[in-house]
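> Sequence plus the predicted model coming up.
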Amino acid sequence: MSVVINSDSVLDIEQHFKVAAGPGAGKTHWLVNHIRNTLHKSGRLGKTRKIACITYTNTAVEAITRRLGPSAIQVEVSTIHAFLYKHVVKPYIMFIDPAYGLDVSSVDGHDDKIASGYQFLADWKNATKQTALRDDAAILEAFKSARWRFDASGILVVEPDYPRTSSGYSIKKPSYRVYKSMAWQKGIMHHDDVLFFSYDLIKNNSSIVDILRAKFPYFFIDEFQDTNPIQVAILKLIGESDTIVGIIGDKAQSIYAFQGAKYDTFDSFNLVNMESYTIEDNRRSTDEIVGILNLTRSDISQSSIRGASGIAPNVVVAGDFMSGLIKCQVACGDEELHTLSYANKVANSLKRSLSPDSFDSKALDELLKKDAPSSANKYRSRIIYNFIVAIELIREQKFADAFKALSKIYKKGDADGKKKSLNDLLVLLGRYESFKNDSLYNFYLIIKDELFYDVSVLRMGGVKTYYESKVYSDMASCVIATEENGLCKTIHKAKGDEFDNVVVIFEKETELSFFLENNMEREEHRIKYVAISRAKNRLFIITPNLGEKNKQGLMSLGFAII
Ligand SMILES: Nc1ncnc2c1ncn2[C@@H]1O[C@H](COP(=O)(O)OP(=O)(O)OP(=O)(O)O)[C@@H](O)[C@H]1O
C-alpha cells in the first residue's frame, strides 16, 4: 500500500521510505525538505555523523548542494561512484584481495578510461589465445561496454551480453576477466570497477559496513530507478540495521539499462519496515502537457498543480529538422527553445546547424586510423586529434573534459608540457574563425609551423591528400561533450532538467505510436516520456512525415498539427 503525499509533506525521519513520483512532482524539492527536517530533528547526527544523499549526475549533486545552502556542510551529497570510492575503495584499498592483481600503488582515482595500446592488446590476445582477432577498434569497443553484473548464482561476472566484434569475431567469454586483470595490474580502475571492489570489500569485511552505518545514520538515494543491481545489493547491506535508508524515484524514467539499471528495480526494492509513498502532482507542466503525459503511463495519473492552461502540444511535420525547428521558433517568438533528441548525432548536428545526413560521426576516429602507420604519424595525429577535441569542448564550456583531452598531448607529470599545451590552446581558440571552415591540412600547418615544430612534415601522398580533403568543422562536429549544456541536448543529458519550450525530435513517423500505445516496459517508450515531460509551457514533436491515420489519432488526443 502506498500513501499519497505531496511535495511539502513531512515524514517520520526514523523509518525507511520509498517515494514514487512522476515527472515534475517536486521530488528534489521534497528530498531537500526532508534532509532539512532530518537535520533539524535528529539526535543521531554530529561532526562525523552525516546524512548521505546519493544522486545520479554531478549536475544533480550541484543542484542539491546549492538548494541545501549552509546545511550542506552536514550532508555528503555525492554520486554513488564518488561516494563508494571515497568511503570504501580508497580507505580500504589494502584489504582488496591480492588475487585480483590490482596494483594499489598506481591507482589514482577512477574514470571511464580503458586499457589499450598495441602491446597491451597483443598481450591480451596471447593470454586469451585469440591471436587471430584483428579488429582492435572493435575489441576496445567491447572492453568499453564490459560491465560487472550478477550471474544467476549471485556471483559478479564481467561480460557484455554481445561478445561479438563488429567484424564478426566472437570474443571468447573468459577474456573479459583477463582484460580486467591486465588493466588492474596497471592500476587502471574503471568507474564500474569501483562498484565491483566496493561490493567485494563490504561483503568480505563486515566492519566496513559497520563503519559506514556509524558515519551515515541516514542514507537517501534520489533517482533510484537508475540504480544498478550492485548498488542495490550494497544499499541493502547498509540498510540492514542502524541506518535509515530512503529512496525516491520514478520507474517510468528509468533510462539507463545500458549501465545495468533495471525497470523493476524501484518496485522490487524493499527493506523491513519500509513505508511507501506516492506524489501524484505535477507542478511543472501545463494542463495540456500533463494530459498527454497521463496518456502514456498507467501506474500514476498526475494532477496538474500549476493550474496553467497553455496551448495545445504541437506535432510539426518537417522533412528536415531545421525547417521544423524554424516553425517551432516562430511559434515561440523570441523565447528560448530547447531541442531534445535520442541520438548524440542529431543533438550535435543541430547544434552546428548541419543536417544530420551530412554528419559523419566517424570522421575524427578515422583521422587516428589514416595517420597512423609509424610512431611519427601517430604523434602527429594524436596532437591534432586532441587539440580538436579540446578546442570544441572548451567552446562548450566543458573545461574538465577539455583538459582531459589536452592531457593526452603531453606526458604525465610534465608541468612544462601542460603549460605549453594550455597556451597553445589559447592561441588556437583566438584563431578559431580563421581555420574553422578551412581544411584539416590548414589546421595541421598552424600546429606544425607555429606550435609543435617537432610534428613531422606531411609529404606528398595518401595521408597528405586525406588532410587536404577534410574540413576542420566536419571533424569538430564529431566531438561529443560528455555533459551537454546548450539548447540542443540528448534526452539522457536533459534528465532532471525543465524548460519552458521543448522540441522533441522523432526521426521516424512510426515513433509517434508512443502516444497511441502505453508501453512503459519498453525503454524507448520511457526515454520519450522523459523527453516530453521536460516541457513546462510548450511542447513540439517534430516528425518527418505524418500519415492520415496518425494525424487523426493525434488530433483526437489534443495535438495541433502545424
Ligand atoms: N512545493 C512546491 N512548491 C512550489 N514549487 C514546487 C514545489 N515542489 C516543486 N516545485 C517546482 O516544481 C518543478 C518540478 O520540481 P522538481 O524538478 O523537483 O520535480 P521532480 O519530481 O524532481 O521532476 P523530474 O522527475 O521530472 O526531474 C520545479 O520547478 C520546482 O521548483
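It's in.
> Determine the set of other helices and strands touching the helix or strand containing A82.
For A82, the element it lies in under DSSP states H and E is helix 80-84. Helix 80-84 is packed against strand 51-55, helix 191-204, with contacts defined by 3 or more C-beta pairs under 8 Å, 6 or more residues apart in numbering; DSSP states H and E. All C-beta atoms are positioned from the backbone trio N, CA, C, and that covers glycine.
> 6 Å instead, please
Packed against helix 80-84, as judged by 3 or more C-beta pairs under 6 Å, 6 or more residues apart in numbering; DSSP states H and E, are the following elements: helix 191-204.
> list the contacts for E336?
Listed by C-beta atoms under 6 Å, 6 or more residues apart in numbering, E336 has no contact partners.
> try 10 Å
Shown in contact with E336 (C-beta atoms under 10 Å, 6 or more residues apart in numbering): Q329, L487, F499, D500, N501.
> Repeat that for F559.
Here F559 is in contact with 288, 292, 312-315, 512, 515, 539-541, 550-551, 553 (C-beta under 10 Å, 6+ apart).
> if we go to 7 Å?
A312, P313, N314, V315 (C-beta atoms under 7 Å, 6 or more residues apart in numbering).
> distance of the residue lying closest to K262 once chain neighbours are set aside from the ligand?
Of all residues not flanking K262 in the chain, P229 sits nearest, at 6.8 Å (C-beta to C-beta, 6 or more residues apart in numbering). Counting by C-beta to the nearest ligand atom, to the nearest Å, the gap from P229 to the ligand is 22 Å.
> Test my guess that P229 contacts Q259.
No - counting by C-beta atoms under 7 Å, P229 stays clear of Q259, with 10.8 Å between them.
> between these two, who's got more neighbours?
P229 (18 against 13; other C-beta atoms under 10 Å).
> confidence score at that one?
pLDDT, P229: 92.
> Check the gap between it and Y92 for me.
Noted for P229: a distance of 22 Å to Y92, by C-beta to C-beta, to the nearest Å.
> about what we covered before: residues making contact with the helix holding A82?
Counting by C-beta under 7 Å, 6+ apart, A52, I54, E76, H110, H191, V194, L195, S198, Q231 sit against helix 80-84.
> buried residues in the next helix or strand after it?
As assigned by DSSP H and E, the chain's next helix or strand after helix 80-84 is helix 118-127. Neighbour counts using 16 or more other C-beta atoms under 10 Å place F120, L121, W124, K125 of helix 118-127 among the buried residues.
> and what of stretch 453-461?
V455, L458.
> Mean confidence (pLDDT) on it, please.
Mean pLDDT, computed over stretch 453-461, is 86.
> Equivalent analysis for stretch 502-516, please.
pLDDT averaged over stretch 502-516 gives 92.
> That stretch vs the ligand: in contact?
No - using C-beta under 6 Å from any ligand atom, stretch 502-516 stays clear of the ligand, coming no nearer than 12.1 Å.
> Pull out the buried residues from that stretch.
Residues V502, V503, V504, I505, F506, E507, E511, L512, F514, F515 are the ones in stretch 502-516 that count as buried (16+ other C-beta under 10 Å).
> Contacts for the longest helix along the chain, please.
Using DSSP state H to define each element, the chain has its longest helix at helix 375-395. Residues outside helix 375-395 that contact it (C-beta under 7 Å, 6+ apart): 364, 367-368, 371-372, 401-402, 405-406, 408-409, 425, 428-429, 432, 443-444, 447, 452, 455-456, 463, 475-476, 479, 481.
> The stretch 151-300 of the chain: helices as residue ranges?
Applying DSSP state H, counting those that start in this stretch to the stretch 151-300 of the chain gives helices spanning 175-185, 191-204, 206-215, 229-238, 265-268, 287-295.
> Would you mind giving those helices as CSV with distance to K420 added?
As requested, the helices of the stretch 151-300 of the chain are exported to CSV (distance: least, C-beta to C-beta, whole Å):
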stretch, distance to K420
helix 175-185, 30
helix 191-204, 30
helix 206-215, 43
helix 229-238, 42
helix 265-268, 48
helix 287-295, 52
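> and this protein, which residues reach the ligand?
7-8, 21, 23-29, 250, 253, 283-284, 496, 498, 533.
> Kindly recompute the last result at 8 Å.
6-8, 21-30, 222-223, 250, 253, 279, 282-284, 495-498, 530, 533-534, 536 (C-beta under 8 Å from any ligand atom).
> Could you check how far the closest residue in space to F197 that isn't next to it in sequence is from L235?
Spatial nearest neighbour of F197, excluding adjacent residues (C-beta to C-beta, 6+ apart): V89 at 5.2 Å. According to C-beta to C-beta, V89 and L235 sit 16 Å apart.
> which one of those two has more residues nearby?
V89 (26 against 21).
> Show me what the longest strand along the chain packs onto, helices and strands only.
Counting residues, the longest strand in the chain under DSSP state E turns out to be strand 535-543. Packed against strand 535-543, as judged by 3 or more C-beta pairs under 7 Å, 6 or more residues apart in numbering; DSSP states H and E, are the following elements: strand 314-317, helix 321-332, strand 499-505.
> Now do the following helix or strand past it and strand 535-543, the angle between them.
Using DSSP H and E, the helix or strand that follows strand 535-543 towards the C-terminus is helix 548-556. Here the directions of helix 548-556 and strand 535-543 differ by 170 degrees (axes from the mean of the first three to the mean of the last three C-alpha atoms, to 10 degrees).
> Tell me the gap between stretch 204-223 and the middle of its chain.
In this view, stretch 204-223 has its centroid 25 Å away from the chain centroid, taken as C-alpha atoms, centre = their mean, to the nearest Å.
> Mind listing what's buried along it?
Neighbour counts over stretch 204-223 (16+ other C-beta under 10 Å) mark I208, V209, L212, R213, F216, P217, Y218, F219, F220, I221, D222, E223 as buried.
> just stretch 224-242 next, same as before
So, applying 16+ other C-beta under 10 Å, buried residues of stretch 224-242: 224-235, 237-239.
> Repeat that for stretch 274-292.
Neighbour counts over stretch 274-292 (16+ other C-beta under 10 Å) mark 274, 277-286, 288-292 as buried.
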